[in-house]
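Asks: okay, predicted coordinates and the sequence, questions at the end:
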Amino acid sequence: MSGDTDDRQFQRLLSFIGSEMDFESSFYNDAYLDRRITARMRRTDTDGYGAYKRILERDDGEREKLLDSLSINVTGFFRNPDAWEQLRSVLRELTAENDRVRLWSAPSADGREPYSAAMLALDDPQIDAGRVEIIGTDINADILREARRATYQTSQTTDIADELAPLSDYTEYVEEDGNTFEVRDAVTEMVTFQQHDLIRGDPKRDFDLVFCRNLLIYIDAEYKVPIFETIRGSLREGGYLMIGMTETLPTACRDSFEPVDKQHRIYRRV
């Protein structure tokens, strides 16, 4: 953004998105919003925030495309594989000590994170996958429908064999058909999906492990503490939290979590 006029037009555009499209832009930092909006402006060959606002006023299809772009849905199977490798010992411990182990992926985007957790549990002989229940939540109902379909295109990802390299034989968990691959039933049956607003929604209850990865880098600072308060309230005492590799706990929340593996951003509720 450059200049007072651009800034005013940008704020008017955000006000329109909030009031007419029911998207809480105030939760996100302006740099993130600007990147996503200007990407859509380039796609629509639009010069200026005001002109793009006029497109949104008349084009429902572009509204849907913008909302999809603003929703944080960048994901992949076993994103940051070194961190997943460290989770093996956590899941082994949890399934050895508990009859039921509950995992929450928030936000789950298109499902690849919770499915990764299910695959890891099924693939590791020292993890009792029969004790594992996984819930994936996201604020975006459309992307939850994608997650439930559990069918992906190779164009959406890097090499599928490379992404699933942490597994001994990924073909046990994914069926390939040309450029399409589908997660097998043994994996999908371990995961359920629900719509949930992590910022304004109520805490869940009695989770043993919560994934909240690669969301906080987009969220405005004042909303990070409420997110961690929700997570803390959702974890049982001694439960684990995993955040993104480039993220840090807010200072106000650090007394609530002790590092288990700080390098890979794994913490335990105290």
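Replies: All right, it came through fine. Residues are numbered from 1 along each chain as shown.
Asks: any stretches of this protein with poor pLDDT?
Replies: 1-4, 71-74, 155-158 (pLDDT under 70).
Asks: run the last query once more with 50
Replies: Counting by pLDDT under 50, the chain has low-confidence residues at 1, 157.
Asks: centre-most residue in it?
Replies: Geometric centre of the chain, nearest residue: Pro107, 3.4 Å, by CA atoms, centre = their mean.
Asks: what segments of the stretch 1-150 of the chain are helices?
Replies: 3-21, 30-43, 49-58, 60-70, 81-97, 112-123, 141-149 (DSSP state H, counting those that start in this stretch).
Asks: any idea of the angle the fifth one forms with helix 112-123?
Replies: By that I understand helix 81-97. Helix 81-97 runs at 60 degrees relative to helix 112-123, counting by axes from the mean of the first three to the mean of the last three CA atoms, to 10 degrees.
Asks: quick check: buried residues in helix 81-97?
Replies: 83-84, 86-88, 90-92, 94-95 (16 or more other CB atoms under 10 Å). Any C-beta I mention is one placed from the backbone N, CA and C, and that applies to glycine too.
Asks: pull the CA atoms of it into PDB?
Replies: Output in PDB follows, covering the C-alpha atoms of helix 81-97 (Å, rounded to 0.1, in the frame of the first residue of the first chain):
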ATOM      1  CA  PRO A  81       8.600 -33.700   8.400                       C
ATOM      2  CA  ASP A  82      11.300 -33.400  11.100                       C
ATOM      3  CA  ALA A  83       8.700 -32.000  13.500                       C
ATOM      4  CA  TRP A  84       6.400 -35.000  12.700                       C
ATOM      5  CA  GLU A  85       9.300 -37.300  13.400                       C
ATOM      6  CA  GLN A  86       9.500 -35.900  17.000                       C
ATOM      7  CA  LEU A  87       5.700 -36.500  17.400                       C
ATOM      8  CA  ARG A  88       6.200 -40.200  17.200                       C
ATOM      9  CA  SER A  89       7.400 -40.500  20.800                       C
ATOM     10  CA  VAL A  90       4.600 -38.300  22.000                       C
ATOM     11  CA  LEU A  91       1.900 -40.500  20.300                       C
ATOM     12  CA  ARG A  92       3.700 -43.600  21.500                       C
ATOM     13  CA  GLU A  93       3.600 -42.300  25.100                       C
ATOM     14  CA  LEU A  94       0.000 -41.200  24.900                       C
ATOM     15  CA  THR A  95      -1.400 -44.400  23.500                       C
ATOM     16  CA  ALA A  96       0.700 -46.500  26.000                       C
ATOM     17  CA  GLU A  97      -0.700 -44.600  28.900                       C
END
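Asks: what is the most widely separated pair among the buried residues of helix 81-97?
Replies: Farthest-apart pair in the buried residues of helix 81-97 is Ala83 and Thr95; separation 18.9 Å (CB to CB).
Asks: what kind of secondary structure is Gln263 in?
Replies: Following DSSP: H, G, I helix; E, B strand; the rest coil, we place Gln263 in the coil state.
Asks: and the buried residues of helix 81-97 as JSON lines, adding distance to Thr230?
Replies: Output for those, formatted as JSON lines (distance: CB to CB, whole Å):
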{"residue": "Ala83", "distance to Thr230": "22"}
{"residue": "Trp84", "distance to Thr230": "24"}
{"residue": "Gln86", "distance to Thr230": "24"}
{"residue": "Leu87", "distance to Thr230": "21"}
{"residue": "Arg88", "distance to Thr230": "27"}
{"residue": "Val90", "distance to Thr230": "21"}
{"residue": "Leu91", "distance to Thr230": "23"}
{"residue": "Arg92", "distance to Thr230": "27"}
{"residue": "Leu94", "distance to Thr230": "21"}
{"residue": "Thr95", "distance to Thr230": "25"}
